[in-house]
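Q: Sequence first, then the predicted structure, then my questions.
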Amino acid sequence: MKFSAQEDLKLPQAEVFARLSNFETFERIAIKRNVRVSQISQNNPN
């Protein structure tokens with residue numbers, strides 16, 4: 001089963017990208033919902 005949704009936004013493309021790539025905001029939302037969050041560095045060989 002596959003679902004999809006689409007909504008047109010009346011915002012400039014740069015504004016949409018800035019909001020969607022704001023990972024700190026998503027992190028705070030997750031923490032408020034009792035999700036354990038950890039950051040993994042791409043330079044970390046582990």
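A: Ah, there it is.

Q: Low-confidence bits of this structure, can you list those?
A: 44-46 (pLDDT under 70).

Q: So which residues of the chain form strands?
A: Secondary structure of the chain (DSSP state E): no strands present.

Q: can you give me the helices in it?
A: Per DSSP state H, the chain has helices spanning 13-20, 23-32. These are given in chain order.

Q: neighbouring contacts of the last one?
A: When contacts are defined by C-beta atoms under 8 Å, 6 or more residues apart in numbering, helix 23-32 is touched by residues residue 37. (Glycine included, C-beta is placed from N, CA and C.)

Q: okay, the angle between it and helix 13-20?
A: Comparing the axes of helix 23-32 and helix 13-20 via axes from the mean of the first three to the mean of the last three C-alpha atoms, to 10 degrees yields an angle of 30 degrees.

Q: Extract the C-alpha set from helix 23-32 and format it as PDB.
A: Presented in PDB, the C-alpha positions along helix 23-32 are these (Å, rounded to 0.1, in the frame of the first residue of the first chain):
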ATOM      1  CA  PHE A  23      17.700  19.900  11.800                       C
ATOM      2  CA  GLU A  24      18.000  21.600  15.200                       C
ATOM      3  CA  THR A  25      14.300  22.300  15.100                       C
ATOM      4  CA  PHE A  26      13.500  18.600  14.200                       C
ATOM      5  CA  GLU A  27      15.800  17.500  17.000                       C
ATOM      6  CA  ARG A  28      14.000  19.700  19.500                       C
ATOM      7  CA  ILE A  29      10.600  18.400  18.400                       C
ATOM      8  CA  ALA A  30      11.900  14.800  18.700                       C
ATOM      9  CA  ILE A  31      13.300  15.300  22.200                       C
ATOM     10  CA  LYS A  32      10.000  16.900  23.300                       C
END
